[in-house]
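Novice: What shape does this take:
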Amino acid sequence: MQISETIFLISIAVTTAISALFCVISLATPRWTTAFGLYCSGCSTPSAGLSIVAFILLVAATIVIFLLICRILPNSIRLLSLTVLLVASIFTLASFAAYLNSGTGYSYDLMVVAHFLCYVAAIMASFWLGGTYVASISRPT
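Specialist: Residues are numbered from 1 along each chain as shown. Purely as a prediction, here's the structure:
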């Protein structure tokens with residue numbers, strides 16, 4: 001059974017949107033450690049900036065994928081979705097890696113989940129991209 005391209009792109013977009021949701025919840029909640037949140041006087045400021053950039057990239061990736069679903073963007077730009085997802089994955093990983101602390105709280109764990117979902121979406125997008133390139137190659141008979 002073969003999955004249609006539109007359904008597969010919708011599942012990538014939903015996974016990316018859920019990853020962005022976990023990212024923004026992680027930014028908003030006050031428990032990056034057992035004592036304080038991300039925005040405090042003694043906190044790691046690089047994590048806050050990296051988290052915000054990661055959220056923006058996840059939203060941008062979701063928008064690009066929805067534009068590909070609606071067939072608004074040309075097929076020549078489909079590599080953009082994978083590129084944005086991979087860069088967002090790097091920023092989510094850097095966000096919680098820069099905040100490495102012995103007593104992390106649930107907000108930190110939410111950012112780890114956001115990274116995992118972003119990584120899964122990037123793998124799905126690369127699978128989709130590989131399938132679309134293979135379908136467009138003409139095979140000699």
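Novice: tell me which element the residue lying closest to residue 69 once chain neighbours are set aside falls in.
Specialist: Distance criterion Cβ to Cβ, 6 or more residues apart in numbering; nearest residue to residue 69, sequence neighbours excluded, is residue 9 at 4.8 Å. Backbone N, C-alpha and C define where each C-beta goes, glycine included. Using DSSP states H and E, the secondary-structure element containing residue 9 is helix 5-28.
Novice: ok, and for that helix, which residues are buried?
Specialist: Residues of helix 5-28 classed as buried by neighbour count (16 or more other Cβ atoms under 10 Å): 8-9, 12-13, 15-24, 26-27.
Novice: Run the chain-centre distance for the longest helix along the chain.
Specialist: Secondary structure of the chain per DSSP state H: the longest helix is helix 106-136. Mean C-alpha position of helix 106-136 versus that of the full chain (Cα atoms, centre = their mean, to the nearest Å) differs by 7 Å.
Novice: what's the angle from it to helix 5-28?
Specialist: Counting by axes from the mean of the first three to the mean of the last three Cα atoms, to 10 degrees, helix 106-136 points 160 degrees away from the direction of helix 5-28.
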